[in-house]
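1. Just to be clear, the model below is a prediction. Sequence and coordinates:
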Amino acid sequence: MKTILTLSPHLDDAAFSVGPLLAQWATELRVVVATVFTKSVAQPEKFALACQLDKGLPATADYMKIRRSEDLAWAEKIGAVVTHGPFAEAPHRGYHSVQELFGPILSTDAIGPSLLAWWQTLRASFAPDLVLAPLGLGGHVDHQWVRQVASAATFDPAPLVYFQDQPYAAKAKDAVPGSFREKNELLVGWTVPLRADSRTRALQAVEAYPSQIPFQFGGAEQMKDLLGSAWGENISLFHREEASASIQALRQTTLP
């Protein structure tokens with residue numbers, strides 16, 4: 001069975017960004033979602049603790065254990081396999097405010113080599129036929145790191161495609177055009193039509209993240225409205241021009 005491997009920064013990013021596409025592909029393919037920043041940190045303090053308290057959770061709760069459980073429930077609903085990375089989120093790596101979370105990567109945040117080594121091992125283990133990674137829209141430092149690591153990992157022949165980070169793109173009305181140049185490199189758009197049942201299952205599945213929905217969207221109905229509109233009837237993906245032939249071959253022979 002062919003394998004789709006999706007790299008997700010946090011325990012909901014893939015679901016919010018490309019949930020219906022993964023649900024659609026999971027009917028015929030092995031869909032694996034690897035979430036990077038999922039490590040539990042005992043006794044969080046200051047800004048890290050605030051990022052837990054603002055979700056309505058007590059200070060004594062294992063925040064990431066709760067989120068990992070939510071992710072497993074989401075994956076079961078869409079038929080995906082999940083794996084959880086061993087890295088702590090940015091508030092535990094020296095980012096002490098919202099402004100820093102959505103600013104440049106700090107020079108003291110030296111997690112890059114460890115991320116790349118983990119990602120290389122993961123790709124070798126799953127041997128994917130296609131890799132999905134976030135564009136990094138919104139500028140969250142964890143998303144920036146994941147984009148960098150995915151783009152740098154050229155050791156595997158599987159083509160890499162990028163997805164738009166949601167709900168960042170929808171909230172900022174920052175949707176990416178059909179093709180665009182980024183640092184003098186052309187990224188080509190690829191529009192994947194969604195089946196109605198895939199959208200329905202994805203919208204039902206994202207309810208598996210109750211710790212995040214009120215904070216991110218204001219409630220379940222607002223979430224469904226925003227994501228339903230953001231997804232539309234198609235999901236837009238993007239890839240480097242040189243990957244076009246490989247992706248076209250996959251579209252003709254593999255992807256439902």
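-> Perfect, thanks for sending it. Note that this is a predicted model, so its numbers are computed, not measured. Residues are numbered from 1 along each chain as shown.

2. okay, now residue 162: neighbour count?
-> 24 (other Cβ atoms under 10 Å). For every residue, glycine as well, the C-beta is placed using N, CA and C.

3. Parallel or antiparallel, list what pairs with the helix or strand where it lies.
-> Using DSSP states H and E, the element containing residue 162 is strand 160-163. For strand 160-163, the paired strands and their directions (DSSP bridges) read strand 130-134 (parallel), strand 234-240 (antiparallel).

4. Ramachandran angles for residue 203?
-> Main-chain torsions, residue 203, degrees, to the nearest 10: phi -70, psi -30.

5. what about the closest residue to it other than its chain neighbours, neighbour count?
-> Leaving aside its chain neighbours, residue 203 sits nearest to residue 224 (5.3 Å; criterion: Cβ to Cβ, 6 or more residues apart in numbering). Residues near residue 224, counting by other Cβ under 10 Å, number 16.

6. Secondary structure element holding residue 224?
-> helix 220-231.

7. returning to that earlier point: any idea which of the strands paired with strand 160-163 is most buried?
-> Comparing the strands paired with strand 160-163 by mean neighbour count (mean count of other Cβ atoms under 10 Å), strand 130-134 comes out on top with a mean of 25.

8. Going along the chain, name the helices of the stretch 51-200 of the chain.
-> In the stretch 51-200 of the chain, the segments counted as helices under DSSP state H, counting those that start in this stretch are 63-78, 98-101, 112-126, 141-152, 168-171, 196-205.

9. Run the chain-centre distance for stretch 21-32.
-> Distance of stretch 21-32 from its chain centroid, counting by Cα atoms, centre = their mean, to the nearest Å, is 15 Å.

10. List the buried residues for that stretch?
-> Residues of stretch 21-32 classed as buried: 21-26, 29-32 (neighbour count, 16 or more other Cβ atoms under 10 Å).

11. okay if I get the residues you listed as CSV plus secondary structure, pLDDT and distance to residue 112?
-> Listed next are the buried residues of stretch 21-32 as CSV, based on DSSP: H, G, I helix; E, B strand; the rest coil; pLDDT from 0 to 100; distance: Cβ to Cβ, whole Å:
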residue, secondary structure, pLDDT, distance to residue 112
21, helix, 98, 28
22, helix, 98, 26
23, helix, 98, 32
24, helix, 97, 33
25, helix, 97, 29
26, coil, 97, 31
29, coil, 97, 30
30, strand, 98, 28
31, strand, 98, 27
32, strand, 98, 23
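
12. Now distance to residue 207 too, for these, in JSON lines please.
-> Output for those, formatted as JSON lines (distance: Cβ to Cβ, whole Å):
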{"residue": "21", "distance to residue 207": "18"}
{"residue": "22", "distance to residue 207": "16"}
{"residue": "23", "distance to residue 207": "13"}
{"residue": "24", "distance to residue 207": "18"}
{"residue": "25", "distance to residue 207": "21"}
{"residue": "26", "distance to residue 207": "17"}
{"residue": "29", "distance to residue 207": "24"}
{"residue": "30", "distance to residue 207": "24"}
{"residue": "31", "distance to residue 207": "19"}
{"residue": "32", "distance to residue 207": "22"}
